Structure formats: structure tokens, C-alpha cells
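K.L.:
The sequence isn't on hand, but the structure is:
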């Protein structure tokens, strides 16, 4: 069962690459070949280092002696991969992954007979997607489960040679590493399955001597592509199955695998400051991770672009906007990654992510501008718990701080890069001249904090998911609702609800282009002159000034209830909220927290679950549905005509009995550190089977 979810995990990791997918990544049916700092200390007073925390663990270790030998003797893949690795996903122990996953509520749910048809459907559709994108391992993920205790790693590598602006074939490749230990028999069977896969695809097999090792090479012809022939190289060496779609990269890693002590420290991914700092910041004492990951943001983008270029029939010139962003100071973001673990003590899931962005000794103006865009530091120690008027019927709550005035003063560096020099300042000037709105002054009245809450109400349908956004502000001479109406193009209608002035904006209304406003504010236009549909989070938005906050709500009845409510049971005093908060306090420093989130997973999932089950997700107006519809929309498909990608007809009908009991409360916090941002999140176990499950007599989830 967990192998199915590992397949989905691998697929999810590829979702944000271009339509071609990481074609060589999982397929290893690969591609045409050509021959071819100082480490930041761990945060004082925070988690122990990975080395210190590896001595113990709350999860039970595998008792298989051969598995223990693999774990103790073999170096991790991060020590075998080069510094030019841009994407890395590692499952340290597939058996531990399976056991720990099965001990979670989700693991138990997937084993319920009533839920298995949906899991099988999901797995089948994932595999269909992989085949459609030509992303295949040559062997199923289940085939890797037999290597108990061994690591499974997938990595994307981009080696940027001097003057190689086009990022040609010799510069990038994808690597699969499977730690098989002494289990050479099963390793040979795995390679036999890969051989069968390539035979089915009419590939040509040969054996070649590389670094003194006999290596199997498969070549597959690819008509109507820039790269006409792809080659895959694979071998069993020193307890590892190694495969890659690039001969030069394969040679380099084979040298490391054959003699792991040979590479100079600076050549290994594990020694690079971004990678090492991320792993240190996300390691939790006494908890063994079930999966770890790392991405170099700009290298990842360039890797995706290089792979996409190979899928084209003819080479096409493209903008290197990743390099442009680097030159504007965004290279301060050196990497992002983290770790997660299932079934750790009270946690169903513990996940930690770190964005590596050191701000020490910043003297460059461009880099300072970038950090001014993302200033989340909670300097005034603003309370991030739910205010008294946030009721206990909430499904989710988020509160965070962000210096929006700094952001508006520095966002021009990004806008100008894409829209032309001085485009941002010109747009602000036109807003002030044509509409009488000083955008900087208007944004400056907001109090650098935002609160978002949502709830789910019956009957389940498009209006079940109700969301409210609160933004504190200091009034100035501009009327807030008039200013909002100006920003939305005078498309709002003024109403009076419960004695409050309200601005209603229907976002499905097609607006006429504003001729006096620069193009950076208009919908995207393709070369044929077609204007793409504008994306809006809500179908209809209601704006009102309430308790010195700008309140934005997606449902009129919900708005009325908020502004007329008096005495409510407060979310901040709810038992499950306090459980999550206390759990996160053991893992984080309250003084550094700049964002706090809380969610009741059974409530959060309910509306979208029913939409998926009914086949209505593609046309639903929930926030998740609108985001997914935008992401999954085909290029030649109208947004309203999108078909649901996942068949949920086999899901159990009774959500409250069949699904809700398996999901407890969750939450995460974000800490602002000197060298980046750390997000720590937990999903807790339910202490009672029916805790927080909707009671039939209630109008909302409890």
C-alpha cells in the first residue's frame, strides 16, 4: 500500500515541471548523450544536529539484520551526488516508510475495504499520467520494496559548463540510486524488469566498459524530437543500483559509488552550505525521517527548461528569466528542502521545511530589495492566536505578519524585469492621475498583519466552504470601500447589510480593459490575441470595514453572521487548537514565529471530498477547486469545460463515519531566522474516535 503513495509522492514532486515532465527522471529511458563554502552553523538552542539525533528515535527500527547493515555501512546518496544536484528526493528506508505510514490515520483509511477502490483508482490515474508524460522507472515502485532498509533516491543534475548558455544535452541528467546492499539477486531481477520495459519500447541493448565496469546501455529512438536518440545507463555496483540518462553524469557518480571515500568534500551535495543547513534546521531530535528532499530553485527551473527543450521538434529560443532573477538579487534564495516523518509519538505526521536565504552582511542594494519584499519578521510581537471574535466553528485559521509597505516599495524590481524599465512607477503614477488613488499611501494604512479563517456548513455544495480574511488598518482620508472599488475597476456594487456598508464584487463579470492602465495590470494575452481568463480566488467577494479591519468574505450569509455575532465560543480556547499549539511549542521558538496556522482536517476536507465523489470538482467554486482548475486546465480547454481528472465515484457515501474519524487537528508555524525561514507542521492523532466529527443536529462541523 505505501508504495502506491510513494508513487504519488514521486509524481507530486514532478508536477511543477513543464508539460514534458522530468521525462528522463523516472523513465530512465533517457536521452542522447555527449562525451563530455563555508557551512552555516546550526541555530543555537534549537534542534540537535542530524548526527546527534540519529542515536535514538521514537519509531521502531527494522529488525532485519541485513537492513541494519545497509543503514550503518552505506553512505547516503547526498554523499554520492555532486554539488550540481538541483533536485533530490530520498526515502532512507522503504520498509520503515511503509510501517510508519500504516500506523497513521491515512494509512489505516487506505486499508479499509470501502476505501480501496478509490486508492486503486488514484494509483491507476497516477500511472496513466506517468505514462502519458513518458515518465516511467522501467520498474514499478512496488518492485523496490523488496530492498528492506535500503535508500531510494531520485535526483536531477544540471552541470553548467562555461559558455553553455543553451544548457545542452551534456549539461544535465537524471539519476536513480537504489541501495540494495548484498541483495544482488533481487537487484538482478529488478534490472531484468527494466530490460523488459525497454524491449517493449523497441530499444537497442548493448554493454559498455565505463570506469572499468560493465555497464548496460539501452538506446531508444525518438522521432520528431530535438533529441533523436536517448540512452539509459545502469549498473549494480558496491551495493547500489545506479541509473542515469547522461553518460558524463553517470561516469562521475559511478566513481563515487565505486569508492565513496575518493571524492573531495567540496564535490559532494552533502557538504554544500544550503543543503547542509537545510538538513540541520529540519532535523528533529530522536525522530527518524521517512523522506527528505532538497531543491535549488533556479537550478531546478533551468533543469526543467532544458528537459522541455528536448521535447520540442525544433530548437526554440527562450528567455532565461531564471538568470534574470539571479541578477536582480534573488540568488539570495539558495535552496529549499526538508524532512517529514509518519507516526512519531503523538504525531500522525511531522514535517519541517527550511528556505535557505542568509541575510548576514548584506551590502548589495538589489539583495536588500529582495528581502524587503519578504519581510515577515514579527518585530512588534503581535499576537498570532485567533482574536476573540473568531468562533470555534472554524475549520482552519491562519495569522501572519508581512511588511506590505516594504513590499510595495520594492516590488518594482520584479515588475520592471518582466514589463520593462520603470513600468511599476509608471503604473503607480497612472493610478494616481487617472483614478486618484495613491497605491503606496493606501497600502501603508494596513497594519502588516493578515488573518484568514474558514468553516464548512451544511448542506455540502458550492456554498459550503466559507472563507473570511481580516486585515487591520489605520483609516486615512480615502474611504476604504471606495478605494477597493477603484482597485477592482469600479466593478463593485454597494449594499447595506446589518447596518454596515458592504461592497459586493462579482468576479465572474467580464471587465472592459482599462486603457489608461499599463499592460502589467491586464490579463495575459497570447500571440494570437486571445486574452486568458483572469484568475480570482473567490467567485464573489464582499468587503466591509469591521472592528478596525478590512473584512473580505466569500459568502453573504457568513458575512452577516460575523458582523452581527456577539458572544461566541472562541477558537483560541478550543481543546484541539491548544493541543496543536502546545505540540508546536515543543519544536519551535515562540519569539521567532511570524505565521501560525491551525486546521481541522476532517472539516477542511469535507466539501472537496463530496465534490470529488460527485464528480463536480472541476466546476466547484471552493478555493482548492479554483486553484486546481487553473493548474490542471489544458491549454486548449476552457476553464468551465475542464473535466475532473480523478474518479471519486467509488468513495464511501457517509463521510462522517467512513473518513472523518481518521483525521485529527493539524497546524504549522513559520519562524524567521537569520539565514532563512523554517516551517514546522504537525498532524495530530485523534484522542477520541468521534472527536470533532459533525453531529447530525449541527449546522456546522464540530
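P.N.:
Yep, that arrived. These figures come from a predicted structure and were not determined experimentally.

K.L.:
what about residue 111, neighbour count?
P.N.:
12 (other CB atoms under 10 Å). C-betas here are computed from N, CA, C, even on glycine.

K.L.:
do the same with residue 270
P.N.:
17.

K.L.:
go on, residue 547?
P.N.:
Residue 547 is flanked by 12 other residues according to other CB under 10 Å.

K.L.:
Excluding residues flanking it in the chain, which one is nearest it?
P.N.:
In space, and not counting its chain neighbours, residue 547 is closest to residue 389: 6.9 Å by CB to CB, 6 or more residues apart in numbering.

K.L.:
Would you mind measuring from the one you found to residue 565?
P.N.:
Going from residue 389 to residue 565 by CB to CB, to the nearest Å gives 7 Å.

K.L.:
Of these two, give the one with the bigger neighbour count.
P.N.:
Comparing residue 389 with residue 565 by other CB under 10 Å, the one with more neighbours is residue 389, at 17 against 10.

K.L.:
The more buried one contacts residue 561, doesn't it?
P.N.:
No - the criterion here is CB atoms under 8 Å, and residue 389 misses it with residue 561 at 11.0 Å.

K.L.:
Enumerate the beta-bridge partners assigned to residue 396.
P.N.:
In this structure, residue 396 bridges to residue 454, residue 599 when assessed by DSSP bridges.

K.L.:
residue contacts, the closest residue to residue 92 other than its chain neighbours?
P.N.:
Nearest non-adjacent residue to residue 92, counting by CB to CB, 6+ apart: residue 151, 5.2 Å away. Residue 151 makes contact with 70, 74, 76, 77, 90, 91, 92, 93, 177, 178, 179 under the criterion CB atoms under 8 Å, 6 or more residues apart in numbering.

K.L.:
And residue 77, by the same measure?
P.N.:
Counting by CB under 8 Å, 6+ apart, residue 77 touches 88, 90, 151, 153, 155, 177, 179.

K.L.:
hang on, residue 612 packs against residue 650?
P.N.:
No - applying CB under 8 Å as the test, residue 612 and residue 650 come out as separate, 10.7 Å apart.

K.L.:
These two: who's more crowded?
P.N.:
residue 612 (22 against 14).

K.L.:
Touching, residue 307 and residue 158? I think so.
P.N.:
No - under the criterion of CB under 8 Å, residue 307 is not in contact with residue 158, lying 9.9 Å apart.

K.L.:
coming back round to it: what is the nearest of the contacts of residue 151 to residue 251?
P.N.:
residue 177 (14.8 Å; CB to CB).

K.L.:
Quick check: which element contains that closest one?
P.N.:
Per DSSP states H and E: residue 177 is located in strand 172-179.

K.L.:
What of residue 236?
P.N.:
strand 229-237.

K.L.:
okay, the angle between that strand and strand 172-179?
P.N.:
Interaxial angle of strand 229-237 relative to strand 172-179 (axes from the mean of the first three to the mean of the last three CA atoms, to 10 degrees): 30 degrees.

K.L.:
Report the buried residues of strand 229-237.
P.N.:
230, 231, 232, 233, 234, 235, 236, 237 (16 or more other CB atoms under 10 Å).

K.L.:
Can you tell me how far the fourth one is from residue 428?
P.N.:
Residue 233 is 55 Å from residue 428, where distance means CB to CB.

K.L.:
just for the stretch 351-500 of the chain, where's the confidence low?
P.N.:
Residue ranges of the stretch 351-500 of the chain with pLDDT under 70: 360-363, 462, 477-478.

K.L.:
Tell me, what's the model's pLDDT at residue 534?
P.N.:
Note on residue 534: pLDDT of 50.

K.L.:
Sorry, slip of the keys, the one I care about is residue 132.
P.N.:
49.

K.L.:
Also residue 580?
P.N.:
96.

K.L.:
For my notes, confirm it occurs in a helix.
P.N.:
Yes - assignment of residue 580 by DSSP: H, G, I helix; E, B strand; the rest coil places it within a helix.

K.L.:
Does the closest residue to it other than its chain neighbours lie in a helix or a strand, and which?
P.N.:
Take residue 580 and drop its neighbours on the chain: the residue closest to it by CB to CB, 6+ apart is residue 667, 3.9 Å away. Element membership of residue 667, judged by DSSP H and E, is strand 665-673.

K.L.:
Packing partners of that strand?
P.N.:
helix 575-585, strand 593-600, strand 676-684 (3 or more CB pairs under 8 Å, 6 or more residues apart in numbering; DSSP states H and E).

K.L.:
closest to residue 81 out of the ones you listed?
P.N.:
Of those, the one closest to residue 81 (CB to CB) turns out to be strand 676-684, at 21.9 Å.

K.L.:
Now do the closest one against strand 593-600, angle only.
P.N.:
20 degrees.

K.L.:
Contacts for strand 676-684 next, please.
P.N.:
277, 281-282, 338, 346-358, 376, 576, 579-580, 583-584, 587-588, 594, 597, 601, 663-671.

K.L.:
Kindly indicate whether the nearest residue to residue 556 once chain neighbours are set aside is helix, strand or coil.
P.N.:
Distances taken as CB to CB, 6+ apart place residue 542 nearest to residue 556, at 6.2 Å, with adjacent residues excluded. Put simply, residue 542 is strand when judged by three-state DSSP.

K.L.:
number of nearby residues for residue 542?
P.N.:
Residue 542: 22 neighbours (other CB under 10 Å).

K.L.:
partner residues bridging it?
P.N.:
Going by DSSP bridges, residue 542 is paired in beta bridges with residue 504, residue 553.
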